[in-house]
Every structure is written in structure tokens, then in C-alpha cells.
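>>> Sequence below, structure please.
(3 chains)
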Amino acid sequence: MAHLDLRGLSKHYDGNAVVDRIDLAVPAGNLVCLLGPSGCGKTTTLRLIAGFVEPTGGEIHVDGKVLSSPGFATPPEQRGMSMIFQSYALWPHMTVADNVAYGLTLRRLPKADISRRVGEMLAAVKLGALADRYPGELSGGQQQRAALARALVIEPNILLLDEPLSNLDAALREEMRFEIRRLHDAFRYTTVYVTHDQAEAMTTADLIVVMNHGRIEQAGTAEEIYSRPRSAFVAGFLGGANILKGRAVDAIRLDVGAAVLRCAESAFVAGSEASLSIRFHEVRVHANGGGGGGNRLEARVVRQTFLGSLRDLALELADGTVIRASAPPDLAIPADTRVWVDLPTERCRPLPS
Amino acid sequence: MTAETIVTPSAARRARILGGFDASLLVLSAAAVLLVLLIGLPVGWLFYYALTDRTGAPTLANFVALASDPALREPMLTTLTLCFCVAIAAPAVASPLAWLVARTDLPARRTIRALMTASFVTPPFLGAIAWEILAAPNSGILNQLWRGLTGSPDPLLDIYSLPGLVFVISCYTAPFAFVLVSNALDRIPADLEDAAGILGAGRWRTVLTITVPLVVPAILAGALIAFLQAMTLFGSPAILALPAGFHTITTKIFALFQFPPKPQLAAAAALPLLVVTVVLLMVQSRLLGRRGYTVVSGKSGDPRLIRLGAFRIPALLLVLAILALPLFLPYTALLKAAISTYPGAPFVPEAMTLKHLRFVFLEFSQTQKAFWNTVVLALSTATLGTLLALFISYLTARRAIPGSKTLEFLATAPVAIPGIVLGVGLFLAYARPPLALYGTLWILLLAFLTIELPAAFQQLRSSFRAVHPELEEASRILGAGRLKTLARITAPLLKSGVVAAWCFVFIGVVRELSAAIMLFTSDTKVLSVVIYDLNESGDLGAIAVLGTAMLLITFAVVGFANWITGVGSGVRLRGG
Amino acid sequence: MKIRLRNLLLGLGAMLALAAPAAAQPAPTTITPALIEAAKKEGKVVWYTAVDVKVAEQLAKAFEAKFPGVKVQVERSGAERVFQRIGQEYASNIAAVDVVDSSDAAHFVYWKREGWLQPVVPEDVAKHYAPAYKDPGGLFAAWRINLSVIAYNTQQVKPEEAPKSFADLLDPKWAGKIVKAHPGYSGTILTSTFQISRDIGWSFFEKLAQQRIMQVQSSVDPPNKVASGERAVMADGNEYNVALLKAQKAPIELVYPAEGTPLVIGPAGVMKRAPNQNAAKLFYTWLFTVEGQQYLIDIGSLRSAHPGIKVPAGQKPLSEIKLMKDDAEAVDKQAEEIKARYTRLFKT
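Residues are numbered from 1 along each chain as shown, chains lettered A, B, ... in the order given. Modelled structure (predicted):
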């Protein structure tokens, strides 16, 4: 278990910053998810940590020791890490057992130890029966487990996972999320996990780091990031939210065109451009105008879609802005109906720009 | 309009069902008949001749003679020795070279790849002749230098020997192994090597435990091709082994066809080549076994290049030294011979002449016809062969019709037929009515088509596999028929593969000698045969001029083909 | 065995035919404007030849210059190759060759027997050639005379140390230093092998085979190999190529062996099924004119059976050389055996 520290880490390709001055501390034994859309720099960050790529700027420290800095990088093989690749990178010319034993053989363990630990690890990932198969003879999920076993068996300081589940089908992906979390709870390696799937991140991570354009947008627990997004990007990327743009009237009120909306906390600077976010399921829809307070607006239903557990509504505000709302499934409102929309002040999160 | 759109689909569907059924049956049988004509008939005649005596009565006497007559048995043992040595030597040199080019920061890697391709274009018989000039024990330029430097009375190299023959054949089979191994290295996802790195394996350890085992199939394939080349080449042993007083199986088969011809014995001597080839192909597929060498795809960066550090320049020098063997040295020797008054003349102005150039281009009445025949045959074989291979690989890659497995086998089968054996077979099959093709270019076309089909087929089959069927399905669902899809979607995607196959066949035809030597007549002589003829009377100057011209034409045509189709970046080869 | 017996019988028949009085000697062919016109209509003549390709092509060019509009297509290979090719082509019903020559006179015995030749007697042959140099039936005539000689590289061997006889070649000091051509390829060598084995005996070749010789194919090639210094001595090969190389100042000198020099008479003839009948006759007739023969001597350093030819300076007249005797019929009978025996001894 090791403490990982990225300080001002940057990587430029042809002058473009793919990773741009990242600062991140991962406490020992934590599982950190780098979450973001493709091209956000998360995989490059991971490869920087692994030592496959040399940084253009900044440093990588593990337990206080510098492993990477511009012009210097401890080669991957001396970092005591292990990694799971998107492609699994199982060696097709070795059996599952040989694949798993590889790292142990490199560490010159006695033969008996190796075979015992390989056996235990394969049992832990439920592949004991398939030890003598070649990777080409395994299903996708089995290959995934084999890759996990190979990475875990060497008891790495730091475990790196690069979109490990993206080649699996939906059901398997969900199962493997919990499996990875279960294994992490069992072994508690410091882990950096790269994904673009928010559900994956929320299931597995102790700490989620949302990245965009090579920079960290926000880092925090799943709950923090979900309930307190600090930018429109984070709010939109995690869980879906309406972003309403406008001009601040004062510290807590924002004129979004259709109405002046009030937030629960003060964050705006009067007169400046700003926006606020409110999640789809936090928007309340009423067929008639009774009751309520705070931010109440009139709207027109543009489209309504029944999704089983909820009903997805698209609502047009007075100025033409369309927002989305998740309403209870029994609230059947035909299109073109006029309705009242409630945006509770405590749910309207100010996003100062 | 509306009525039409209602009627048309069902009519079209009906037509497709009927037509599709008829067409696929027709297509399959046409392709099968063609392949049987190309392969089955000559091989059938071979077996017939091998198993009969002069009167046509069945006998095993030919095989008894083969086993008991030392004049027949010894060439076979020599050939086996030769094959094993080349099969080891060629990949042993080519694989490290491929690795240096594909995986390290060696300078001028692209140039080195291109030069290896150039050495592939060199016909092995021309290389053998050039090496005579270089390393004949007494007059060879290198041996003269050696004697001059050391004062030693003994030659450094004797090219007229079995080791000499192994060396020269290895020089010109190594490019096959090089292409196979470097392509395999290019295809290894970088992840596989990175995975070993992160688990603690150093660069060299990763090379040894991951990279090398992953290219073992390619190395084996390279060894196999080297073995087959060594077994089936005719020109190099005829040029280098006969002066040393020994035969290989191909020169023996050729000798058996000289007057008085003994086609029965020749056929019997050819069959072991066929059997060995088939067995080797089977062993190869058995060796690779169940290890699936396909790798799950994922996004995977460029492989990390190994820094050679202080070894960068020494490694480059080593590579250049290796390239000197098939390329720099032979071509220097040929150019020197082209302007020397007589073989071995000192390299001084008085001993320089343009007479060989004058002879080849102004006096020699074969030049024009041989160039014409060669170019016509190479162009038509390349075009027809590519079309045929395209057709068969489409049928097999898309399993468009039942029985495509059989087609695949038939299209690959000629790999197992050495050129000289095919030449014998085709001569036996087509030298008499009703199909008296001997004496026409057609019989050479048939021979070259058959010989080159497997390479073109393999190239195009892998190109087809790289084009996902969904790309075609997307076109068909939008309303394009099978042929239209083939023309509009598949063909453009296959373009580079098609051009590569075409060039491969073109080069293959130009450098082909072993079948041509059995099948030519005065009107159907090709360049390789003319050069071989000239060699028998030792006209090295004329050979040097003709050989150089032949190479220039090959490069021009290949370059033009790449340029006109916009493929560029030279030939990319996939050994077959 | 069966074949050999048949050959023997046919050979005997051929000898009887040759011995029969030449009743059917056709009228001599002269080069007339009508013949030239007819030849021009055909446009080309296909000449299968065994003479050095450079000599053949220069001769062809001289002919083309004299008779514009008639191209000569030269198909050069070793005489035994040419013989095999014609056999293979005729067996497949391909008649491509018009005029043929060979350094193995036995081939004309064979072709005559097969009835493949047609009688054409050039005027010069009729008038000037001795009977020994022409077929009584007019089917062929001695187009060229060649000797197979010994030669050595003057930079590697001093004249006094050079071999003077075939027997000298068996000296151990020449082991690994001798080059020789192949009777399976070259008619000259087949003929000389026959004559040496007849006059000296096969034991000579049995011992020569122990000398680690370098085996080349054409009798054109040993002089090349000696001139380039690849081997110090040649056991056989064309006298004329040695002369041509000497003229180019190559370090080579020839020796007429003490036991006698193999004499190789190279006839030429016109095929009955020649596709270009008139061009064939024109070319064939021209080959035997003083002009044609003189070219052969001047360009090729060969020897002629035409008495009107000027022998070039430096060429030793045949009368001053001890020669072995030519015997085409015997070669015809023994060719297969000679080749087989040679192959057994020399392994190729």
C-alpha cells in the first residue's frame, strides 16, 4: 500500500496539453476513479503514473519518492505497480495460470509458493477450473477475471485499471463492478481506476476525480460530487442536470430569462454571468398552480416519455428554454398541456463561472 | 412510381433467390473447374507418369530407381541438408533485423524496410550470379581483396559449395521471413508488452518472454517459406552447385528432362517435393495448435521503442552489413561487370567498355522479345491472378456460397507445388492435343497464375478479414446489391491490399525461373530464361546489363502501380 | 536398354543411308532477287544456333544489313540443349526453327534419320566444299570448324609450367585448378569427350574426375573462367573464344595438346518444316558464301571449310595441328552412353 501524489502533472503532445497541471493525492489503500469523457486525459494520466509516458511537467511521488519528472521516469518495471488494460492484454501464448504466475516468476519466488499463490488467486476470481486454458478459449468475463488475478497476485503497491469493463456486456459489467469493489475491500491496494462510466465510478470509488480537457474539474466522494457539483460540466456529466444560464441579480438570485430564480446559498456576484443546476428528478411538476413557493414557473409539456419507474418530461419555459424533469410514472400529462414547475430553492445549486 | 415500388422488391427478391441460387452454384463450379485445371491436371499427370513406365504400364520402378540410384538419391539428401540450413539461417538473421526495425530506435528504420523489399525484388538467380562475381574462389572480387589484404593463398569464401549455396539462398529468402516477422511485430498490441513491463519485467525480459513467443508463429512461417524456397529454387543451385559437382533435386529434375528425356523419373523425383511440402504445412498448423494468436482489441498506443543507447550506431552498422549481402555488394558487382571488358578485368579505365550495353540493347535479338514477353506475362498474371484471388477470397472470407472451404484449400494448394514440378506437370498436361498450349504464352500464364495464386489469395483474404462484414451489410441494407457493394464499399477499402497483391504477383512473375525453364520455346522466352541461358555460357556482362534493366522495369511498374492507385509507401508484402 | 538398341539399329540404318551413292543431290541454291523478295515477304528467319551468342548476333546483324527487311531471330543455347529443344518442340508439333547449326555433328545424323531436314545446297558448298564437309544428300554442310583446346591463365601459370598434353592435366599440381565444360550441354564437349575417350581412353576422365574440377556448362565458358583467373587451366573449351579473349588482352594462352586436338565440325541445315522457307534458304545460302564465312572467321575467330577464306594472322593452320578424327556416326550411337558415363564420373 502506498500513498500516491501527483503534483502539477502535465503532458504535452505537439504543444497540446493532454494532461494539464494535475494535482492529486491518493491516500494509501484508497480506490480513486478518474472519470471523464473520452479525450479528457484520464488514460494519459494513468500511463503517466505507470511510467509508460514521461511527463512534460510536474512530478509523480509514491510514498514521498519521485518516480517521474520531466526528463526522468523510473521504468514501469521498477515501480512495483500492476495494471489492468482495456484489452486485458492477456498473453495469448500462455495459459491462464502462466499469465498469472508471470509476475511472481519475475520476483523469483520458489516454485511451490508461486503455484500456491496462483491457485489461491485463481480461486479468488473463480477461475480455478480454467487454469490450463489459453486466453483465446475464455469468455470476455473470464478474461477480465484472469487479468484481475494477474494484476493482483503480485500484491502491487498501486493497482491501475484502464477502462477494465468496457469490453463486457451490460449485465457482466454490473457484476464485475461489485467484484472489483469486493476485491478491493479484500486486498485494499491503492488503486487508480479510469472510466467514462459514472455508475462504474460511483460503485467502486472511494474518491471520484472528474476530468475534462486535461484538468481536474472536481474531486470528492460520489455523494459530494453528485450533490454539490462545482461546475456545469460536472453537474451534467454526473447524473444529468438542467443548467440554466443567466445574470445574477444579487448574491442568491439569478435572472434566467423566463424568471428570476432563487438559490438557497449565496454564491453569485451581482450583475455577472452565472448559471445554476438542478437535477432532472428534483424538478417538481404540478398539473395546476396550487401551493408551493420559491421558484415557481409556468411551462408547456413538449414531450413526455414513459420509462417504467419514472416519466421523462421535456418542458418549455416562457422564454423558450427547454428543461427536463423526471416525474412519478403515474403523472400522465399529454403533450402541449400547460403545467406549473417547481424548482426548490435548496436544490438550485449556484455555479458561479 | 408507386406501383413499381410495390412490384419491384418482390420481383427482385424472386429473381435474387432464383438467380442467387443458380449464380452461386455456377460461380462455385466455375471457380472449382478453373482451379482444378490449374492444379489438378498437372499434378494428376505427374502421378500418372511417376507410376507408369515408358509403355504406360503401371510400375513402381521409378521410385525404386529413385531410392537405389545414388545419382538420384544424393541430390535428395543434399537438398534436405540445404533446406534445413536455409530454414534456420534465413529467419535467424531476418528476425533480429525485423525486431530492430520494428521495436527499437534504430536510425533510418523506414529506409531499411524499403531496402529489404528491394532485396525481395531481386531474383535469386541474379543474386547467385552476382555472388559468383563476388565470391568465386579465385576470381571473386571479395576473395581477391582478401588475398591482397592478408596475403593468404586460400580464398575467404567459396561460393561454389553447399555452404555457399546455403548462404546465397538465405540472402534472398530472408526478406520473406523479415516481412512476416516485422508484420507480426507491428500487429502485437503494445498493451501486451506494457503488461509485462508493469508487472516488473525489464525491457529485455519482456522481449524474451512476451515479444519473441508472440512472433514465434511468424518466425516458424518464415522458416517454412525459407525451407520451401530452398527446396524449390532452380536457378541458384544450377548456377552454384553444378560447377561444384553436385546436384540438388531441382537441377536433377531438369537434367532428367534433357535428351534423352526421362519424364517418368522426373515425375517420380518431383513427387517427394510435393509430399514434403504438404507434410510441412501440416506440421506448421499442428505446432501452432490451440493457442489462439488473436488478441482482444482495445485502444493501444504505439509500442514503446527500446532505446539502443550506445548500441544505436553499432546496430545500424550491423544492419547495413547484413543488407550489403543481398543488396549493396551484389549490385556493385553487377554494375562493375556491366562495364568491364571481360569477367574479372581490373577496375581501371582501359578495362571499361560499353560493349555489353550495346550488345544487349542493339545486337542481342532476344532482348526486345524477352522484355515484351516478361512484361506481358507479368501484367496479365498480376491482373488475372489478383482478380481470381479477389474473387476466391471474397467467396471464402464471406462464406458467400457453400463449399468455400474447398475453394480455400484449392487456392492455397499450389504452395505445395514447386515451380519446376509444376513446369513438368504442365508440360505433360498441355504439350499434346487437345490442349496443346506448349509453345504459347498461355502455358506460361497458367504456370505463373498457379504459382502466384496462393500469395495473392492470402494477401487478399487477410485484407478481406480486416474489412468488417458490417461495413458491407450497411451498404446492402441501404439497397445496394452484392456486386454493387463489392464495387462501391469493399473494393475501395481493399485497395491497398489489392495493389500489394498485384505487385507481389508482378514481382513474382518477373523473378520466376523454375517453371519457365521447363515451358519456354523460342517465341515465348522470358527474361529469367534468357539470363539463365547467358549464364551457361558465362556472359556475365550481358547478364549484368539485362538484370539491372529488369530490376529497373520492376521498380518502375511497382512504383507506377502504387502511384496511380494512390496507395503509395511502396509495396507492403505479406509472405505467402 | 530398349532405346539404346533402337538407336543402334537406326544408327546403322543412317550409316547405310550415308554410304549410299548421292543420287539425289539437289540443284545448288543461289541468292537471286526473287529469293530475296520472297524472303522479305516472310520478314524473318529463326536460327537455332550453338555458336557463341555474341558471334551469332553480329553475324545476324551483318546479314540484316545486307538484306534489309529480313530479321534474324537468334536462339542460342548449348548444342545439346538446342537438340533437346527441337525434339521437345517437334514432339509437341511446334515448328519454329528455320535454320539450325550444331557443334555436335551427330545431331544431323539424327535429324536426317528422322527426316526433319530438307535438301538445300548453297552454291558455294556445291562448288567449293570438299565431300568430307557436306552431306551427299545435300541436307547439311560443315558451316564451321572448331577445336577444343587446353588453355591457361598467363598470370597464374608460366608458359614452361603449362600443361602440354591431356596427360599433364592429371598432375596433382592442377587439382582444384581446372575448369571444364559439360558434354550434356555442349556439342563441342560431347564430341571432344568422344574423341578423347576413343583415342586416350575413359581412364583419362576417371583420373580427371579426381582433380576437383570446376564444372561449367558451355564450351564458351571455360575460356571466360581462365581469363578471369577463376581457374588456372581449362581442360576443354572453344579455341575461338580463347582467341577472342586474347584479342581483348585477357591473360590467356592456348595449348594444342600433344595427344591431338579434338576436331569439332559444326554443320548447319534447313528444317523441312521451316516456317520461313525462303528466308531460311537465303540465310542458309548466305552463311556459306565467302562473305558469310569470312565474317565467321573475322568476328568469331572460327575456322571454315571454305577454301576461299583468308585465315587470319596468328591462327595456326589446321594442317600444322595434330588433330583427332571426327566421327559423327559414332557420336550419334554413343551420345547417351557418353553422357551417362560422364555424369557418373563427374557427379553432374
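
>>> Can you pull the phi/psi pair for residue C:94?
phi -110, psi 120 (degrees, to the nearest 10).

>>> so which residue of the stretch 151-300 of chain B comes closest to chain C?
Nearest to chain C, among the residues of the stretch 151-300 of chain B, is residue B:259, at 4.0 Å (CB to the nearest CB). Where C-beta positions appear, they are placed from N, C-alpha and C, glycine not excepted.

>>> avg pLDDT for stretch C:235-246?
Here stretch C:235-246 scores 95 as its mean pLDDT.

>>> same question, stretch B:395-404
72.

>>> The residue of the stretch 151-300 of chain B closest to chain C: how many residues sit nearby?
Using other CB atoms under 10 Å in any protein chain shown, residue B:259 has 19 other residues around it.

>>> Double-check it against residue C:82; I have them as touching.
No - in this structure, residue B:259 is not within contact of residue C:82 by CB atoms under 8 Å, at 10.0 Å.

>>> Where do the helices of the stretch 101-250 of chain C begin and end?
Applying DSSP state H, counting those that start in this stretch to the stretch 101-250 of chain C gives helices spanning C:106-114, C:123-128, C:187-199, C:202-208, C:221-227, C:239-247.

>>> can you put those helices in a markdown table and add distance to chain B and mean neighbour count?
Shown next, in a markdown table, are the helices of the stretch 101-250 of chain C (distance: least, CB to the nearest CB, whole Å; neighbours: other CB atoms under 10 Å in any protein chain shown):
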| stretch | distance to chain B | mean neighbour count |
| --- | --- | --- |
| helix C:106-114 | 10 | 23 |
| helix C:123-128 | 25 | 19 |
| helix C:187-199 | 11 | 26 |
| helix C:202-208 | 12 | 16 |
| helix C:221-227 | 4 | 30 |
| helix C:239-247 | 6 | 23 |
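
>>> a markdown table for the ones you listed, including distance to chain A?
Listed next are the helices of the stretch 101-250 of chain C as a markdown table, based on distance: least, CB to the nearest CB, whole Å:
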| stretch | distance to chain A |
| --- | --- |
| helix C:106-114 | 63 |
| helix C:123-128 | 78 |
| helix C:187-199 | 58 |
| helix C:202-208 | 57 |
| helix C:221-227 | 52 |
| helix C:239-247 | 60 |
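
>>> Output the helix of greatest length in chain A in PDB with nothing but the alpha carbons.
Selection of the longest helix in chain A by residue count, based on DSSP state H, yields helix A:170-187. C-alpha atoms of helix A:170-187 as PDB (Å, rounded to 0.1, in the frame of the first residue of the first chain):
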ATOM      1  CA  ALA A 170     -24.100  -4.700 -19.600                       C
ATOM      2  CA  ALA A 171     -25.000  -7.500 -17.200                       C
ATOM      3  CA  LEU A 172     -21.500  -8.700 -16.800                       C
ATOM      4  CA  ARG A 173     -20.200  -5.100 -16.400                       C
ATOM      5  CA  GLU A 174     -22.500  -4.600 -13.400                       C
ATOM      6  CA  GLU A 175     -21.500  -7.800 -11.800                       C
ATOM      7  CA  MET A 176     -17.800  -7.000 -12.300                       C
ATOM      8  CA  ARG A 177     -18.200  -3.600 -10.700                       C
ATOM      9  CA  PHE A 178     -19.100  -5.100  -7.500                       C
ATOM     10  CA  GLU A 179     -16.500  -7.800  -7.900                       C
ATOM     11  CA  ILE A 180     -13.800  -5.200  -8.300                       C
ATOM     12  CA  ARG A 181     -15.100  -3.400  -5.200                       C
ATOM     13  CA  ARG A 182     -15.200  -6.700  -3.300                       C
ATOM     14  CA  LEU A 183     -11.700  -7.500  -4.200                       C
ATOM     15  CA  HIS A 184     -10.500  -4.000  -3.300                       C
ATOM     16  CA  ASP A 185     -12.100  -4.300   0.100                       C
ATOM     17  CA  ALA A 186     -10.400  -7.700   0.500                       C
ATOM     18  CA  PHE A 187      -6.900  -6.500  -0.600                       C
END
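
>>> does it come close to chain B?
No - Helix A:170-187 lies out of reach of chain B by CB under 8 Å from any CB of the partner chain, never closer than 14.2 Å.

>>> Show me what that helix is in contact with.
A:31, A:124-125, A:140-141, A:144-145, A:148, A:152, A:155, A:161, A:164-165, A:168, A:191, A:193, A:197, A:199-200, A:203-204 (CB atoms under 8 Å, 6 or more residues apart in numbering or on different chains).
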